[in-house]
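Participant: missing the sequence, but the structure's below:
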């Protein structure tokens, strides 16, 4: 059985991690494909922060922040207005139709998220609770920030589902279908929650929100968040970390590492980058 230890000594990070200027990893890093992680964290380094995400991510961030603010005491109207301003100011510019549509649905998405979370006891929740843990045999801290925590009771990770573009309507306007809420929590989100659950040792939950409704998964209404499955997911995350650690033991040169990692150019989402960064990635894998 895997054991994760809470670490307080920051001086025992493996040299293989420090050699590429990484003093920690995170659930979101581990959930990226190895090739994407190699490109962003080893090859680009801090320059990865200049990658501009699209409107879907911008919508998720705005709604996420607004819900946190409401549950922490800010009036709904003020939090929603701030979220729309945040969305307006975001660098995302890949799709003008999405920008207009998404801005308009922010208030209802925030309302849906707030309603279901209040119904389930998320009063005066703590936002962005930091956790620090370690996996056995992995020589670097795993650091994460949990969306909402009710101390000693329950935590929640929030996920938004944006509307999808469909065909143009007869009047020439863009058609839309609402973002589909899953019937069970998605695997990557469960694996992320498994780390938080081990660190916090309280009930996990995952909330999915679209413009029409929201759903909250807990161990009481789905098997995916029960202890046995969380243990399996935890071990999967440990294996991902070990693979990366072993790669870094081979070399700290991203070109060398690229020669032994399949880029998988047909991956459905990992190479969804603007042309500048996509060309940089392709160049890394040129031999």
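Facilitator: Cool, the structure landed. Note that the structure is predicted; figures quoted are calculated from it, not measured. Residues are numbered from 1 along each chain as shown.
Participant: out of everything not next to it in sequence, what's closest to residue 86?
Facilitator: When the adjacent residues along the chain are set aside, residue 86 lies closest to residue 62, with 4.8 Å between them (C-beta to C-beta, 6 or more residues apart in numbering). Using the backbone N, CA and C atoms, a C-beta is placed for each residue, glycine as well.
Participant: doesn't residue 92 make contact with that neighbour?
Facilitator: No - judged on C-beta atoms under 8 Å, residue 62 makes no contact with residue 92 at a distance of 10.5 Å.
Participant: neighbour-wise, which of these two wins?
Facilitator: For residue 62 versus residue 92, neighbours defined as other C-beta atoms under 10 Å are more numerous around residue 62 (26 against 18).
Participant: From residue 116, how far off is the residue nearest to residue 86?
Facilitator: Using C-beta to C-beta, to the nearest Å, residue 62 is found at 18 Å from residue 116.
Participant: Over to residue 64?
Facilitator: From residue 64 to residue 116 the distance is 14 Å (C-beta to C-beta).
Participant: Likewise for residue 233?
Facilitator: Distance of residue 233 to residue 116, computed by C-beta to C-beta: 24 Å.
Participant: what about the helices in this protein?
Facilitator: All helices of the chain, identified by DSSP state H, fall at 15-18, 27-30, 34-37, 55-71, 76-89, 96-119, 187-200, 227-250, 254-258, 275-284.
Participant: closest to residue 214 out of those helices?
Facilitator: The closest of those to residue 214 is helix 96-119. By C-beta to C-beta, the value is 4.3 Å.
Participant: got the angle for that closest one vs helix 76-89?
Facilitator: Calculated by axes from the mean of the first three to the mean of the last three C-alpha atoms, to 10 degrees, helix 96-119 forms an angle of 150 degrees with helix 76-89.
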